[in-house]
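1. sequence and predicted model, in that order:
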Amino acid sequence: MTASDSAGVPISWKRRAISSFMSLVTLAGLISIGIFGHSTHWTFGLGAHDGDHGEAGHTTTHEVAAGGTSLGSAGADAGGSTGILKFDSPEAVRDSGIEIVPLEERSIGEIVRANGMIDFDQHHLACVSGLVSGKVWRVEKRLGDAVKKGDVLALIESVQVGEAKSRFLSALAVNQSRDETVRILESVSNLIAQRQLREAKLSAQESRIELLNAEQVLLNLGLKVSIDEFAGMSDVERVARIRFLGLPESIVEEIRTAQSTSNLIPLTAPFDGVVIGRDVGLGEVVEPARPLFEIADVSKMWIVLNVRKEDAYKLRIGQKFRFQGDGLKEPVDSNLVWIASEVDEAKRTLEVRGEIPNSPRIAGSSDGSEYSLRARTFGVASIEVGGRTTALVAPRDAVHDDGDKRYVFVMSDDRTFQAAEVRTGLEDSVGIEILTNLPRTSQVAGRGSHILKSQMSLRKIEAGEP
């Protein structure tokens, strides 16, 4: 049963009537706002709007963003084209901040831009690890220190090293003893059985093999040793010589005592460079193959670039490029020396590389902190992939994009600009080649021409043009 008020009118009917009335009021308000906004150009009284809509051949005056300078669209062409933009006076053009520049006839190179970074030369980057287990007995180099090839980075005390040295001395003594036995037997060979001589020679051969194996173990540890050198020494001299095997004399003089350990083995720099990584401390126990130091030759750096795969076909070995790194005062120049044979699956880019000398900022300095270029410096490169000796070139600021079209604003007279659609060709860091047949003496709007672009876009919207 439907509820009713005191007058007998159903309550649900009254609610529908009120709802319909409110909808009509809302619709009427929206229509009023639309009419008023259209008549005021949606400025609602905040800006001037001249003229009536719908009059044939009517022109409007618009405000230009820079300094409120006005320009009219009074048509030089019959239809009042939105591409003709006219200022009130030449002074208004100057006050707008628009730079007027001539088209330039010059050579131009085609540029491919690519992001990249400066990196260490991976051919001269080494992680230095210990070859035996042991304890860090002494650390010689710190992070950032310059090193020469063969410099000691740290000393490791290892029982394995002591055993290898002892085995070598024992094998040397046994071999010398058996060689001496063979010589004695050979001197009295007519008095002894030949079998005894053959057994002595076989035993001497076996000891020689043991000695060679012991020598090879030391060589594998990086300890340079010579059987012939040790053969002419006394036992005391041998022990003294092998105790500090592989250590430079400067360190030997510091650590030479009667109780000095013979278990020391040095970690040495594989080439000239700078210590860029250190993961070891005094007294620390280390294992083989664990990286303890990282050494880089910073006298030459790589510039690694990632080029869009669409531009890959333009690249050739030897092409010049200029790299502007973040924080670098001046760009650096290089050439492509390597181009990858495959595109990176994740980045969808092609990796290429150049090389650049890295000189110290202070002449004669070998400190790694004094070099000009630093690894992991990101930046942008411009690769020269082609060019023309003669071309008509407009500044990059003068050429605007409108979807799939490009255009420039050509100056018709001292206060009028005409938007001209152009075809473009090669591009370099400052200009774009104009292929459209424009007069060589044309002047165009350069820096600040975005004001004209904005004004033209507004007129297209008003005129309902795409």
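-> Perfect, thanks for sending it.
2. can you say which helix or strand has residue 197 in it?
-> Per DSSP states H and E: residue 197 is located in helix 194-220.
3. tell me which helix or strand comes right after that helix.
-> Of the helices and strands lying after helix 194-220 in sequence (DSSP H and E), the nearest is helix 227-231.
4. flag every buried residue along that following helix.
-> By 16 or more other CB atoms under 10 Å, the buried positions in helix 227-231 come out as residue 230. Where you see a C-beta, it was placed from the backbone N, CA and C, and this is true even at glycine.
5. need phi/psi at residue 89.
-> Here is the backbone geometry of residue 89 (degrees, to the nearest 10): phi -160, psi 160.
6. remind me, longest strand of the protein?
-> Assignment by DSSP state E gives strand 377-395 as the longest strand of the chain.
7. for it, list the C-alpha coordinates in PDB.
-> Below are the C-alpha coordinates for strand 377-395, written out as PDB (Å, rounded to 0.1, in the frame of the first residue of the first chain):
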ATOM      1  CA  THR A 377      80.100   9.300 -15.000                       C
ATOM      2  CA  PHE A 378      76.800   9.400 -17.000                       C
ATOM      3  CA  GLY A 379      76.200  11.700 -19.900                       C
ATOM      4  CA  VAL A 380      75.000  12.000 -23.500                       C
ATOM      5  CA  ALA A 381      77.000  11.500 -26.700                       C
ATOM      6  CA  SER A 382      76.600  12.900 -30.200                       C
ATOM      7  CA  ILE A 383      77.900  10.400 -32.800                       C
ATOM      8  CA  GLU A 384      78.700  11.800 -36.300                       C
ATOM      9  CA  VAL A 385      77.200   9.300 -38.700                       C
ATOM     10  CA  GLY A 386      77.100  11.300 -42.000                       C
ATOM     11  CA  GLY A 387      76.800  14.800 -43.400                       C
ATOM     12  CA  ARG A 388      76.600  17.200 -46.200                       C
ATOM     13  CA  THR A 389      79.000  20.000 -47.200                       C
ATOM     14  CA  THR A 390      76.300  22.400 -48.100                       C
ATOM     15  CA  ALA A 391      72.800  22.700 -46.600                       C
ATOM     16  CA  LEU A 392      70.200  25.200 -45.600                       C
ATOM     17  CA  VAL A 393      70.100  25.100 -41.800                       C
ATOM     18  CA  ALA A 394      67.700  26.500 -39.200                       C
ATOM     19  CA  PRO A 395      68.400  26.800 -35.500                       C
END
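8. show me where the stretch 151-300 of the chain has its strands.
-> Along the stretch 151-300 of the chain, the stretches classed as strands by DSSP state E, counting those that start in this stretch are 152-157, 264-268, 273-278, 285-286, 291-296, 300-308.
9. number of residues surrounding the nearest residue to residue 102 once chain neighbours are set aside?
-> Nearest non-adjacent residue to residue 102, counting by CB to CB, 6 or more residues apart in numbering: residue 443, 5.2 Å away. A count of nearby residues for residue 443, using other CB atoms under 10 Å, gives 16.
10. isn't residue 443 right next to residue 98, touching?
-> No - at 11.1 Å, residue 443 does not count as touching residue 98 under the criterion of CB atoms under 8 Å.
11. and the most centrally placed residue in the chain, what is it in contact with?
-> Centroid-nearest residue in the chain: residue 117, 1.7 Å away (criterion: CA atoms, centre = their mean). Neighbouring residues of residue 117 by CB atoms under 8 Å, 6 or more residues apart in numbering: 303-304, 325, 375-379.
12. filter those residues down to the buried ones.
-> For the contacts of residue 117, buried by 16+ other CB under 10 Å: 303-304, 325, 375, 377, 379.
13. of these, closest to residue 122?
-> Proximity of the buried ones among the contacts of residue 117 to residue 122 was ranked by CB to CB; the top entry is residue 304 with 9.4 Å.
14. for burial, what's the neighbour tally of the residue nearest to residue 246 when sequence neighbours are not counted?
-> Distances taken as CB to CB, 6+ apart put residue 223 closest to residue 246, at 4.4 Å, once the chain neighbours are dropped. Residue 223 has 19 neighbouring residues, counting by other CB under 10 Å.
15. make 308 the starting number, not 1.
-> In the new numbering, first residue 308, that becomes residue 530.
16. distance of residue 530 from residue 467?
-> The gap separating residue 530 from residue 467 is 12 Å, by CB to CB, to the nearest Å.
17. what's the weakest-modelled helix or strand in the protein?
-> Taking mean pLDDT, DSSP states H and E as the measure, the chain has strand 368-370 as its least confident helix or strand, at a mean of 39.
18. which intervals of the stretch 658-773 of the chain have sub-threshold pLDDT?
-> Residues of the stretch 658-773 of the chain meeting the criterion pLDDT under 70: 668-677, 773.
19. just checking, residue 492 touches residue 502?
-> No - in this structure residue 492 lies outside contact range of residue 502 using CB under 8 Å: 11.0 Å.
20. more neighbours, the two?
-> Ranked by neighbour count (other CB under 10 Å), residue 492 and residue 502 place residue 492 first, with 19 against 8.
21. now the helices for the protein?
-> 318-346, 397-402, 466-494, 501-527, 534-538, 542-550, 556-562, 757-770 (DSSP state H).
22. I'd like the ones you listed laid out as JSON lines, including distance to residue 433.
-> As requested, the helices of the chain are exported to JSON lines (distance: least, CB to CB, whole Å):
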{"stretch": "helix 318-346", "distance to residue 433": "72"}
{"stretch": "helix 397-402", "distance to residue 433": "63"}
{"stretch": "helix 466-494", "distance to residue 433": "22"}
{"stretch": "helix 501-527", "distance to residue 433": "18"}
{"stretch": "helix 534-538", "distance to residue 433": "29"}
{"stretch": "helix 542-550", "distance to residue 433": "28"}
{"stretch": "helix 556-562", "distance to residue 433": "22"}
{"stretch": "helix 757-770", "distance to residue 433": "53"}
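23. what is the end-to-end distance of stretch 589-605?
-> End-to-end span of stretch 589-605 (CA to CA, to the nearest Å): 27 Å.
24. name the residues that touch it?
-> If you take CB under 8 Å, 6+ apart as the criterion, stretch 589-605 is touched by 427-428, 431-443, 445-446, 448, 454, 460-461, 463, 574, 576-587, 665, 675, 678, 680, 682.
25. give me the buried entries from those.
-> Taking 16+ other CB under 10 Å as the criterion, what is buried in the contacts of stretch 589-605 is 427-428, 431-433, 435, 437-439, 441, 443, 445-446, 448, 454, 460-461, 463, 574, 576, 579-583, 585, 587, 665, 675, 678, 680, 682.
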